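> take a look and give me a structure for this.
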Amino acid sequence: MKRFILLILACLPMMAMAQEQSLIDKYSTIDKCSTIELSKDMIRSMGADDGIDTLTAISVEDPTLIETFSKEAADYTQGMSKIMSVVQNGMRVTIYATISAKTSKVVKMVIFTNDKQNAVMVILTGTDIELSNASSIVNINL
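Have a look, this model is predicted:
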């Protein structure tokens with residue numbers, strides 16, 4: 001039984017990556033939806049300090065898909081810590097984080113916002129994600 005539990009725990013990061021990739025694959029083929037994936041080198045060229053390795057963003061601008069996408073985003077962030085929720089210009093911005101048990105540093109951050117017209121989810125992965133770097137890359141003022 002212990003081996004089974006360890007196997008499940010070892011597979012959790014891979015399952016999260018598969019869920020992220022399936023969202024990217026799904027929304028990259030739908031009209032009025034956009035996806036972007038940035039590498040570590042591109043993020044560095046944008047002036048972010050070390051700590052962020054990848055940035056993935058999904059934008060949905062089809063009002064008929066907002067509710068479905070919001071539910072999928074909620075499923076994706078399930079199990080993550082909600083670290084902040086801010087209303088900015090009438091739009092709620094919610095930030096979730098996964099903190100490494102070994103290093104006590106943020107290794108994944110999800111920034112999600114939506115209203116009736118669009119929804120955006122930004123997923124940052126790395127080894128030590130600072131909120132200030134994340135907010136400067138995605139252009140939010142916190």
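> and the next helix or strand past the lowest-mean-pLDDT helix or strand in the chain?
The helix or strand of the chain with the poorest confidence is helix 2-28; it has a mean of 54 (mean pLDDT, DSSP states H and E). The first helix or strand that comes after helix 2-28 along the chain, using DSSP states H and E, is strand 33-38.
> for the protein, give me the ranges with low pLDDT.
Across the chain, the ranges flagged by pLDDT under 70 are 1-21, 48-50, 132-142.
> and the strands in the chain?
Counting by DSSP state E, one finds strands in the chain at the ranges 33-38, 52-60, 81-88, 91-99, 106-114, 119-126.
> now those strands in a markdown table, with distance to residue 23?
All C-beta spots, glycine's among them, are computed from the backbone N, C-alpha and C. As requested, those are exported to a markdown table (distance: least, CB to CB, whole Å):
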| stretch | distance to residue 23 |
| --- | --- |
| strand 33-38 | 8 |
| strand 52-60 | 6 |
| strand 81-88 | 19 |
| strand 91-99 | 15 |
| strand 106-114 | 11 |
| strand 119-126 | 8 |
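> let's have these in JSON lines, adding distance to residue 70 and mean neighbour count.
Formatted as JSON lines, the strands of the chain follow (distance: least, CB to CB, whole Å; neighbours: other CB atoms under 10 Å):
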{"stretch": "strand 33-38", "distance to residue 70": "13", "mean neighbour count": "16"}
{"stretch": "strand 52-60", "distance to residue 70": "9", "mean neighbour count": "20"}
{"stretch": "strand 81-88", "distance to residue 70": "14", "mean neighbour count": "12"}
{"stretch": "strand 91-99", "distance to residue 70": "11", "mean neighbour count": "18"}
{"stretch": "strand 106-114", "distance to residue 70": "5", "mean neighbour count": "22"}
{"stretch": "strand 119-126", "distance to residue 70": "6", "mean neighbour count": "23"}
